[in-house]
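Engineer: Make a model of this:
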Amino acid sequence: MSSGSAPPVPAQLLLLDLQSDNPRKRMEAGLAVAKQAAIGLRHQVNLVDAGLVEPLVRQLKEGTGDERVAVATALSRLARRNPTGQLEIVVAGAVTPLRKQLLAATAIQRVAAAVCISRLVEGNPETQRAFSVEGAGRLLVGMLNAQTYEERIHAAVALGHLATENDETQARLVEGGAVEKLAELLKAEDGLERDCASFALANTLQLSYDQIVKDVAEAQEVDVAIQIWNNNLNGRKRQTMIQPKKNPKFFFRSNVSSSALNQAEDT
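Structural biologist: Next up, the predicted model:
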């Protein structure tokens with residue numbers, strides 16, 4: 001009797017297909033890696049140990065647009081909550097092609113890159129530093145203005161992970177206008193979009209999520225909230241200050257929830 005699901009493809013067969021000259025085989029192997037890595041940490045570790053990272057990163061550099069989407073998804077799942085996998089992927093050379101993919105012609109490629117960066121930098125100071133130095137933060141800030149909802153929420157989550165407990169990156173993001181753009185997202189109709197923006201603001205400003213909600217509720221205007229945050233930065237003797245801009249009033253509509261952020265990261 002069938003169990004209803006196919007057994008995992010052996011890692012060595014996936015490795016052979018990833019090294020194939022056939023683009024279709026390579027893409028199907030990338031999709032299979034993503035599917036198996038999503039099962040759990042043990043599968044992630046086994047796939048990384050089998051040597052799949054290097055050919056995946058090669059595809060990220062040299063593959064077609066569809067291949068790069070599949071590969072970015074596979075790498076993001078190999079990296080999720082896996083510090084060893086995160087570091088191995090970065091050392092294999094994934095930083096530059098992922099940064100370039102943030103500028104790709106299609107939204108699906110840009111979203112796949114943002115999600116992968118988010119997973120690679122989550123809770124890992126070494127990988128955070130690698131992406132920050134490469135300028136990924138500036139490109140993610142630019143994505144906050146994107147036309148598509150998916151780009152905006154995943155850019156915000158990636159910025160939040162990139163900034164976590166990283167003073168240098170926080171300063172770069174403040175200088176690059178991240179706070180103003182994230183504050184604009186607090187006016188969104190969609191609660192998840194507001195939650196993702198608040199998550200990124202909290203980590204960029206070294207404040208709790210609850211404090212961000214409180215400040216916005218009291219301020220009601222972007223410039224007033226920015227002044228509150230500037231006062232906070234000044235009180236901590238931070239050199240980088242947010243430049244106030246004239247913006248219409250905004251109203252924060254929902255409380256932050258960890259389940260909402262998990263929903264964004266699983267999208």
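Engineer: Send over stretch 193-201 as PDB, restricted to the C-alpha atoms.
Structural biologist: Written as PDB, here are the backbone C-alpha positions of stretch 193-201 (Å, rounded to 0.1, in the frame of the first residue of the first chain):
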ATOM      1  CA  GLU A 193       3.000  44.200   6.200                       C
ATOM      2  CA  ARG A 194       2.800  46.500   9.300                       C
ATOM      3  CA  ASP A 195       4.100  43.700  11.600                       C
ATOM      4  CA  CYS A 196       7.100  43.000   9.300                       C
ATOM      5  CA  ALA A 197       8.000  46.700   9.200                       C
ATOM      6  CA  SER A 198       7.700  46.900  13.000                       C
ATOM      7  CA  PHE A 199      10.000  43.900  13.400                       C
ATOM      8  CA  ALA A 200      12.600  45.600  11.200                       C
ATOM      9  CA  LEU A 201      12.300  48.900  13.000                       C
END
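Engineer: what mean pLDDT does that stretch have?
Structural biologist: Averaged across stretch 193-201, pLDDT comes to 93.
Engineer: ok, now stretch 234-254?
Structural biologist: In this model, stretch 234-254 carries a mean pLDDT of 48.
Engineer: Same check on stretch 48-67?
Structural biologist: Averaging pLDDT along stretch 48-67 yields 94.
Engineer: Identify all contacting residues around that stretch.
Structural biologist: Contacts of stretch 48-67 with the rest of the structure, by C-beta atoms under 8 Å, 6 or more residues apart in numbering, involve 11-12, 14-15, 18-19, 23, 26-27, 30, 33, 68, 71-72, 74-75, 78, 82, 84-85, 88-89, 92-94, 97-98, 101, 104-106, 109. C-betas here are computed from N, CA, C, even on glycine.
Engineer: which ones among these are found in helices?
Structural biologist: Using DSSP state H, the members of the contacts of stretch 48-67 that fall in helices are 11-12, 14-15, 18, 23, 26-27, 30, 33, 68, 71-72, 74-75, 78, 84-85, 88-89, 97-98, 101, 109.
Engineer: Only the buried subset of the residues you listed, as a PyMOL command please.
Structural biologist: Buried residues among the ones in helices among the contacts of stretch 48-67 (16 or more other C-beta atoms under 10 Å), as a PyMOL selection:
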select buried, resi 11+14+15+18+26+27+30+33+68+71+72+74+75+78+85+88+89+97+98+101+109
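Engineer: Show me what the one helix or strand residue 226 maps to is packed against.
Structural biologist: Assigned by DSSP states H and E, residue 226 falls within helix 222-235. Under the contact criterion of 3 or more C-beta pairs under 8 Å, 6 or more residues apart in numbering; DSSP states H and E, helix 222-235 touches helix 178-185, helix 209-219.
Engineer: quick one, that helix and helix 178-185 angle?
Structural biologist: If you take axes from the mean of the first three to the mean of the last three C-alpha atoms, to 10 degrees, helix 222-235 sits at 150 degrees to helix 178-185.
Engineer: Output helix 222-235 in PDB, but only the C-alpha positions, please.
Structural biologist: The C-alpha trace of helix 222-235 is given here as PDB (Å, rounded to 0.1, in the frame of the first residue of the first chain):
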ATOM      1  CA  VAL A 222       5.800  60.000  10.900                       C
ATOM      2  CA  ASP A 223       7.900  63.000  11.800                       C
ATOM      3  CA  VAL A 224       6.900  62.900  15.400                       C
ATOM      4  CA  ALA A 225       7.700  59.200  15.700                       C
ATOM      5  CA  ILE A 226      11.100  59.800  14.000                       C
ATOM      6  CA  GLN A 227      11.800  62.600  16.500                       C
ATOM      7  CA  ILE A 228      11.100  60.200  19.400                       C
ATOM      8  CA  TRP A 229      13.500  57.700  17.900                       C
ATOM      9  CA  ASN A 230      16.100  60.400  17.300                       C
ATOM     10  CA  ASN A 231      15.900  61.300  21.000                       C
ATOM     11  CA  ASN A 232      16.400  57.700  21.900                       C
ATOM     12  CA  LEU A 233      19.400  57.400  19.600                       C
ATOM     13  CA  ASN A 234      20.900  60.600  21.000                       C
ATOM     14  CA  GLY A 235      20.400  59.400  24.500                       C
END
